[in-house]
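**Q** curious how this folds, go ahead:
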Amino acid sequence: MSVSLFICPLCQSPLQPATDTWRCDGSLHPKNTSHPFDVARQGYVNLLPVQQKNSKAPGDSQASINARKRFLNQGHYAPLQDLISQKMEVLLSKNESTDEHNTNSVHWLDIGCGEGYYTQAMAQMGSSLIDTLIAADISKPALVELAKVSKAIGHLWYQQNEDSVTKPTAVYPLVTSAAHLPLRPHSITGISSIFSPILPEAFAKVLADNGYLIIAKPDVGHLATLREALFDSVREHDSDKFLQELAPYFTLVETQRVSTKMSLSAEDLADLMTMTPYAYRARSEKRQALLSAVEKVSFNTEAKFVVYVLQRTA
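**A** Residues are numbered from 1 along each chain as shown. Here you go, the predicted structure:
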């Protein structure tokens, strides 16, 4: 684990992980001040300074996180999870084969990771592909959930035994801003952004030359029947609108689509609405009418996703 992989969010000095408190060396601070960041009992580290918060409790609420956990654990979005894992395995296997001596550690950043549904699948690839998996989100409740699961299965960063032959991927849950990543420039092998904001400059800054960026977005027709039931007029997803913004830094390597048909119970449908922007964009009477109808018969809809694989221009 490189000592200088992490940097202080306050002064950008090298930041050293430790089991109780992470501490920067203050070398880049005008007064050589060292800043401490305590490790929470669940195992996450809060690297989000107060001045980078846009609200008192930024990010997803506990209700949204709980709804997403229940919904995703039913396997509704498993085809997308599988596709992302497959793409990462191909890219990282290729990366491994081009490094004859295999001296470079692989550090992957899952930005906007939420409670970790996709992150946990990445961690299961093992340390032969990913040494360090940084799970970053601005929501502290989401990172609490992710850290607890990672700890339960022995993947948390401070649980790793350096002498173990079968050392698992080390997961680092970090509360942080995507716009101000506490990572050394050009230190990250790849980034995944799954339904999260796209920040071209911030991503390019931390990615190594020829590093990878995997983006997942809703595709045209995603949850069409649900949106038609909730809204008087439906605006279609413009999934690739951000590609032009990425062009100065990244080259598009591949685009792939995946879809899955779903037959949802009232409970599943309620969770789906709670975990999406539909929870506050749709009128409450429309939501209630739809849920009442589903009490009698399952609701059918189709989830459609598009996955982009890009590479940082060296």
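**Q** which residue is the nearest non-sequential neighbour of the residue positioned nearest the centre of the chain?
**A** Closest residue to the average C-alpha location of the chain: C113 at 2.5 Å, with Cα atoms, centre = their mean. Distances taken as Cβ to Cβ, 6 or more residues apart in numbering place A135 nearest to C113, at 4.2 Å, with adjacent residues excluded. Backbone N, C-alpha and C define where each C-beta goes, glycine included.
**Q** repeat that for H29.
**A** Leaving aside its sequence neighbours, H29 sits nearest to C11 (Cβ to Cβ, 6+ apart; 4.1 Å).
**Q** what distance do you get for the one you found to P218?
**A** Shown here: C11 relative to P218, a distance of 39 Å by Cβ to Cβ, to the nearest Å.
**Q** ok so, going back, pretty sure the residue nearest to the centre of the chain sits against L146.
**A** Yes - C113 lies in contact with L146 (Cβ atoms under 8 Å); the separation is 6.4 Å.
**Q** list residues touching both of those two?
**A** T119, A135, D137, P173 (Cβ atoms under 8 Å, 6 or more residues apart in numbering).
**Q** can you put those in a markdown table and add distance to S4 and pLDDT?
**A** Shown next, in a markdown table, are the shared contacts of C113 and L146 (distance: Cβ to Cβ, whole Å; pLDDT from 0 to 100):
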| residue | distance to S4 | pLDDT |
| --- | --- | --- |
| T119 | 23 | 97 |
| A135 | 20 | 98 |
| D137 | 23 | 96 |
| P173 | 20 | 98 |
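**Q** which pair in those residues spans the largest distance?
**A** T119 and D137 (9.5 Å; Cβ to Cβ).
**Q** joint contacts of the two?
**A** C113, L146.
**Q** how near is the closest residue to H222 other than its chain neighbours to A216?
**A** Spatial nearest neighbour of H222, chain neighbours left out: K304 (4.4 Å); criterion: Cβ to Cβ, 6+ apart. K304 is 11 Å from A216, where distance means Cβ to Cβ.
**Q** give me the more crowded residue out of those two.
**A** More neighbours surround A216 than the other of K304 and A216, with 23 against 20 (other Cβ atoms under 10 Å).
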